[in-house]
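A.B. asks: following is a predicted model, sequence given first.
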Amino acid sequence: MIITLATLLSHYRRHPGQLAMLLLGLWVASALWSSVQAINASARDSYARAEALFTTGLDRLERQDGEPPTREDFLRLRRQGLPVSPLLEGQIEVADGTRLTVIGIDPLTLPGDNAFAVAGSTAELGDFLIPPWRTRLAPDTLAALELDAAEAEGAEPRLPDGHQLPALRLSPSLPPDTLVMDIAAAARLLEVGETLSRLVTAPDALEAAPDGWRLTRAEALASPGQLTESFHLNLTALALLSLVVGLFIVQAALGLALEQRLGMLRTLRALGVAGRSLVGLLALELLLLGLLGALAGIVSGVWLARALLPDVAATLGSLYGEQVGTELRLPWHYWLGGLGVTFAGLLVAGSGVLWRAARLDILALGQAQAWRHRFRRQLRSMGLAGGTCALAGLGLWAWVASRPPGEGLLTGFGMLAMLLLASALFLPPLLAAMLAGLARLVRRRPLAQWALADLQLQLPRLALAMMALMIALSANLGVSSMVGGFRLTFLDWLDQRLVADLYLRPTPAQFESIDSWLSIRPEVAERLATRSSEARLIEVESDDTTRSLGLPVNLFGITPGEHLRPSWPLLDTLEGRQAAWQELSRGEAFINEQLAIGKGLSPGDRLTLSAPGGEERVRVIAIYPDYGNPRGEVLLATPRLAERFAAPPGSLGIVLRPGADGQRLGSELTARFDLGEDALQDQREVKRIATTIFERTFRITQALNALTLVVAALALLASLLAQARQRRRQLAPLWALGVPRLRLVTSQLAQLSGMALATALLAIPLGIAITAGLVKVINVAAFGWRLPLHLFPGDILLTLATAVIVALLAGAIPTVTLWRTPPRALLAEGEIT
Amino acid sequence: MRQPAMTRPLRIGLALLAALSLTACDREAQRESSAGFAGLGEQAPAFNRAQPGTPLSIPEDHGSHPDFRIEWWYLTANLEDEQGESLGLQWTLFRQASIPPDERPEPGPWVADQLWMAHMAVSRGETHRVAERFARGLTASSAPSRQQAGVTLEPFRAWLDNWRLESRVTDPQRDPLSRLELEAMAEHNGEPFGYRLELIAEGPLVLHGEDGFSQKTADGQGSMYYSQPFYRIDGKVILDGETRSVTGRAWLDREWSSQMLEPWQTGWDWVSLHLADGRKLMAYRLRGGRDEGSGDYLFGNLIGPEGDSTSIDGTEMSLTPLETSHVAGRDMPTRWQLEVPVQGLDLVIQAPHANRWMATSVAYWEGEVIARDRESGERLGEGYLEMTGY
């Protein structure tokens, strides 16, 4: 048995290229997959820790006048018997410039078991509460404090502002970059006196908000897991794509290794090795290779994840306000899952090989022509399978189309997967037909005819690499067109929404005085005040039907001033833009696209919203795009929002008269009202920040996308390298017949690049179809917004060029060796056959 | 109280108190062996020590004693509604100093050196509703009435949030505790329960032990302890959404100490009785001696209708469990024999309802009892029983 296994494996000693290619395939497939899974697992871990913290899961009370609550407020409400607890939240800067969140709690009044969970073992609660207190933090926060886990316990790091943190206690269940301490310690550290960030209560402990307070229910604060789900699904889809591309390489390598060992297998069978044990041994070989590849893949996957995670964390932070640790935290099932997925993929890729080995005909002769015959049969079955996939894809598409927009994220991905698979399966028959057609055209030119016939012979081996290339190229084109299109739309939208020259965020107390000071400044053309609040969308009445929703939504108030109205983007209105703005000023509402798509709302619908004074009804007049906002939003005119929903003052946009000096106004404002550092920003700065966030959001998408392409290029390269020796053998007779080497080499390169070009040309419509699927189905379902379909000729050309360059590079190495091989050796190659 | 003592694994809040009490001594060492129930057996040399010969000063001693580690204002009442059905209630405010007097922190927003805990309970038949609240406090607070919890003297007021025990006495010559108003409300599964009652004392304050020093161990540890056992009480009790008018008798205990128990004492059984002949009886048994097999510490006070005390020491009385009931996963003695031969008393004390477990962070049993003559079975009175450390 062992001898048989050794015999089988000896093949790889003679063909190390094939072994390398096999392992490469397994390695890249599992590396990309594991890296994305590692990122997802770490992010989920962070969400779970954040959700376990008391900042989520509790109802919040904030003062209606927008002022921070004080200890006096807390005491007054407690004396009324209301079970409120004070919470203080702030930021401190540590030596390396990182900002850490400080959360101060009162464990004695905090609802539930949170406090005790945070305080860890109960005996430590005393230390937590009593001066000099304790700082509780997760081990992955230590890096920011420049401490090792070993020296962390009990350390009292000093901050740049001179404050000293209470002695540290590690608590792995806390979210990253968060320090939790007693409220007295936090108040001292943040120098906030008796003011609080908010009051919290157990969910639904209060039936209604006390007078003068705004109550936000815990369920209105969407949990981080829900918000970011689609983001992670997108990552997973990209990882799956890489896995599939990698498995194509594996399949190609396995197929080649089997072809070349057919003779050996027959000999072994003839020598009496049972067919079943032969299949068993081949399976064992797969297992060994799989283990090797998967381990390498997981190791590099973790490395890759570590490199990508900071970007992911930053993205999630800016998009959803979620803190995700930048250190990997991997649960045990992650490692098993990684191995499992690689093995499952390997089994799928290797099942064909095992099947063929099991049905091995001992007497059949391993000849190229016979092989071609079988390839014809294969082409037919590929066509059939492709047709089936295409039908399945159509079915899914029909289903998605029949659903209301915004549903079917998974189905959408399934549809795209079917589209890719169908196209990949159709590719070899198409290429075969194309080659046959071309061969008829060039009958008079023997060398060209030979080259085409030779390509037809090579096709079975190249087919899989070409399929991988096409999938990678089209997915790459699809994703980059989507990102590019989104970028254009987003920048346009930013320009339309940011009409003021300066944006000011005063404290609620200062708002009135700043506003009236600005109202008499000659350089100010218009002031655009905003407000925001939270509400529950209780009911929707459209036509004659009424639906109960109970959905938490943002309320946002804008000033429909003359500078804002012409540019503010609207997607759909009830009776035109003009009328829409009039209605808004009168008290009706606009809603964002996310809300409209998510809940199937359209202009004309009537919404019932929860308000401090009971319920408020508004009519939907228009729908506006609101990229980057994960939540549904209802837009009202600022004065209406203030009257009806008691929303506190928010920011103030300042539109300047032409030629006015914004900088001078800014510095006057800052000096006069003692504004904080971040209180005033000019429009360019806001745009720059928004654009940076956007770029960062898609950096990881682009990175994964590019990696997929690299995998495909490697697939092609590996296929060509694996058969380089055989190629030389086939070329030797031509050289012997007098064809100059240069022509041989150029015909080689032309063969390959032609084939790649054809593949790329087929990938372009496919890529466009994928873009369409992404912007019309996936984005709508994942984020709630539609995008126009943008095509970028530059990207398309780049795709074509990439294909040809990859093919040329992949062909170059075998060609160079051909060039260098001494004539005698070439002749010798011919004799070996 | 009679405090709670502990032998079983710490519950959360119990541990809270225990942890908070570890201050003056080496905390790490203390943590190794938490002593007595709720840490009440821990040595606390940096705090004031309750000792005999300390004269009490009324009404000042109604207020809090922050230099002592622990203190409580403990009220129990046996009630009857208009239909003649019995009810019971408890209201307690506990104070615990978390830092010895000479180590108190610099005052600042939210800074605490005192921890307050309040318990309330209402019971009727098998129903027993319990609530618990906590608050932080600062000894050096510039505005004591602006704290979340505390006790002020002028006027007398003990409170935590909206739970309060407040004096209604206007005449400065009279004891502020002689007329009180008590109010507390809480919720159980969304149903409110609580009470609002008025208490009028029909007798004087009673000092236990040696002029208010109540010895708790053979080695002389103890507490300052006095009571007002002569309250008539009436008002409203709200239970399961129903409001009932009630009347009855109440008993208020005032007690403070820094180390009440010895570390080896595991808990106690305490009983207070309103006897039908106008007398009151208080008796306790502290379980566990220094050495294996050595005895429990017993003490009692038989109070005449005019408030005169007769101390009863361990040689003159016996307090013996007769029957146990399974409550909250443990066996609790709910039928007792209390014998004071020199006074001609031989009582059987029975808890009509065993379900009076206070599932609070410091958990214990506290409920109504009926006392009968052992021989004749004649009903001699009613009162409250407290058992800790089971």
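C.D. replies: In hand now; what should we look at?
A.B. asks: make sure B:Lys236 is indeed in a strand.
C.D. replies: Yes. Counting by DSSP: H, G, I helix; E, B strand; the rest coil, B:Lys236 is located in a strand.
A.B. asks: can you list the weak-confidence ranges in the stretch 651-800 of chain A?
C.D. replies: Counting by pLDDT under 70, the low-confidence segments of the stretch 651-800 of chain A come to A:676-678, A:693, A:696-697, A:700, A:715, A:718-719, A:721-726.
A.B. asks: likewise for the stretch 251-390 of chain B?
C.D. replies: Counting by pLDDT under 70, the stretch 251-390 of chain B has low-confidence residues at B:290-294.
A.B. asks: from it, which residue is nearest to chain A?
C.D. replies: Chain A sits closest to B:Ser361 of the stretch 251-390 of chain B, with a gap of 9.5 Å, by Cβ to the nearest Cβ. Any C-beta I mention is one placed from the backbone N, CA and C, and that applies to glycine too.
A.B. asks: that residue: neighbour count?
C.D. replies: Other residues lying near B:Ser361 total 20 when counted by other Cβ atoms under 10 Å in any protein chain shown.
A.B. asks: mind checking the SS state of it?
C.D. replies: Note that with three-state DSSP, the state of B:Ser361 is coil.
A.B. asks: surely it meets B:Met117?
C.D. replies: Yes. Contact between B:Ser361 and B:Met117 holds when scored by Cβ atoms under 8 Å: they sit 7.5 Å apart.
A.B. asks: what does chain A put close to chain B?
C.D. replies: For chain A, the contact set with chain B under Cβ under 8 Å from any Cβ of the partner chain comprises A:71-72, A:74-75, A:78-81, A:86, A:104, A:106, A:108-109, A:113, A:116, A:122-127, A:129-131, A:182-184, A:187-188, A:192-194.
A.B. asks: filter those residues down to the buried ones, ChimeraX style.
C.D. replies: Under the burial definition 16 or more other Cβ atoms under 10 Å in any protein chain shown, those of those that qualify are selected in ChimeraX by:
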select /A:71,74,75,78,81,86,104,106,108,109,116,122,123,124,125,126,127,129,130,131,182,183,184,187,188,192,194
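A.B. asks: just the ones of the residues of chain A next to chain B in helices?
C.D. replies: When DSSP state H is applied, the residues of chain A next to chain B are split such that A:71-72, A:74-75, A:78-79, A:116, A:125-127, A:129, A:183-184, A:187-188 fall in helices.
A.B. asks: biggest separation within these, which pair?
C.D. replies: Among those, the pair separated by the greatest distance (Cβ to Cβ) is A:Arg79 and A:Asp127, at 29.2 Å.
A.B. asks: who's in contact with stretch B:155-165?
C.D. replies: Residues external to stretch B:155-165 that are found in contact with it (Cβ atoms under 8 Å, 6 or more residues apart in numbering or on different chains): A:78-81, B:59, B:62-63, B:73, B:75, B:91, B:93, B:116-118, B:120, B:133-135, B:145, B:148-151, B:166-167, B:169, B:176-177, B:180-185.
A.B. asks: stretch A:795-809 too?
C.D. replies: When contacts are taken as Cβ under 8 Å, 6+ apart, the neighbours of stretch A:795-809 outside the stretch itself are A:469, A:473, A:476-477, A:480-481, A:484, A:709, A:712-713, A:716-717, A:749, A:752-753, A:755-757, A:759-761, A:763-764, A:767.
A.B. asks: so how far is that stretch off the chain centroid?
C.D. replies: Counting by Cα atoms, centre = their mean, to the nearest Å, stretch A:795-809 is centred 25 Å from the centre of its parent chain.
A.B. asks: just the CA atoms of that stretch, as CSV, please.
C.D. replies: Listed next in CSV are the C-alpha coordinates belonging to stretch A:795-809 (Å, rounded to 0.1, in the frame of the first residue of the first chain):
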residue,chain,number,x,y,z
ASP,A,795,-11.5,50.1,-17.0
ILE,A,796,-12.6,48.0,-19.9
LEU,A,797,-9.3,48.7,-21.8
LEU,A,798,-7.4,47.9,-18.6
THR,A,799,-9.2,44.6,-18.3
LEU,A,800,-8.3,43.7,-21.9
ALA,A,801,-4.7,44.8,-21.3
THR,A,802,-4.5,42.9,-18.1
ALA,A,803,-5.6,39.7,-19.8
VAL,A,804,-3.1,40.0,-22.6
ILE,A,805,-0.2,41.0,-20.3
VAL,A,806,-1.0,38.2,-17.9
ALA,A,807,-1.0,35.8,-20.8
LEU,A,808,2.2,37.2,-22.2
LEU,A,809,3.9,37.0,-18.9
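A.B. asks: buried set for it?
C.D. replies: Residues A:Asp795, A:Ile796, A:Thr799, A:Leu800, A:Thr802, A:Ala803, A:Val804, A:Val806, A:Ala807 are the ones in stretch A:795-809 that count as buried (16+ other Cβ under 10 Å).
A.B. asks: distance of the residue most central in space within chain A relative to chain B?
C.D. replies: Of all residues in chain A, the one closest to the mean position by Cα atoms, centre = their mean is A:Leu235, 3.9 Å from it. Taken as Cβ to the nearest Cβ, to the nearest Å, the spacing of A:Leu235 relative to chain B amounts to 40 Å.
A.B. asks: same thing with A:Leu309?
C.D. replies: For A:Leu309, the distance to chain B under the criterion Cβ to the nearest Cβ works out to 36 Å.
A.B. asks: would you map the helices across the stretch 51-200 of chain B?
C.D. replies: In the stretch 51-200 of chain B, no helices are found when defined by DSSP state H, counting those that start in this stretch.
A.B. asks: where along the stretch 601-750 of chain A do the strands fall?
C.D. replies: Per DSSP state E, counting those that start in this stretch, the stretch 601-750 of chain A carries strands over the ranges A:606-611, A:614-624, A:633-637, A:649-656, A:680-682.
A.B. asks: just the ones you listed: most buried one?
C.D. replies: Neighbour counts (mean count of other Cβ atoms under 10 Å in any protein chain shown) averaged over each of these peak at strand A:633-637, with a mean of 24.
A.B. asks: other SSEs contacting that one?
C.D. replies: The contact analysis (3 or more Cβ pairs under 8 Å, 6 or more residues apart in numbering or on different chains; DSSP states H and E) places strand A:633-637 against strand A:545-558, helix A:576-586, strand A:589-592, helix A:593-599, strand A:614-624.
A.B. asks: how about 7 Å then?
C.D. replies: strand A:545-558, strand A:589-592 (3 or more Cβ pairs under 7 Å, 6 or more residues apart in numbering or on different chains; DSSP states H and E).
A.B. asks: now, of the ones you listed, which is deepest in the fold?
C.D. replies: Most buried among those, counting by mean count of other Cβ under 10 Å: strand A:589-592, with a mean of 27.
A.B. asks: re earlier: for the strands of the stretch 601-750 of chain A, give me a markdown table that also has distance to A:Leu215.
C.D. replies: A markdown table is the format used below for those (distance: least, Cβ to Cβ, whole Å):
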| stretch | distance to A:Leu215 |
| --- | --- |
| strand A:606-611 | 10 |
| strand A:614-624 | 14 |
| strand A:633-637 | 18 |
| strand A:649-656 | 19 |
| strand A:680-682 | 31 |
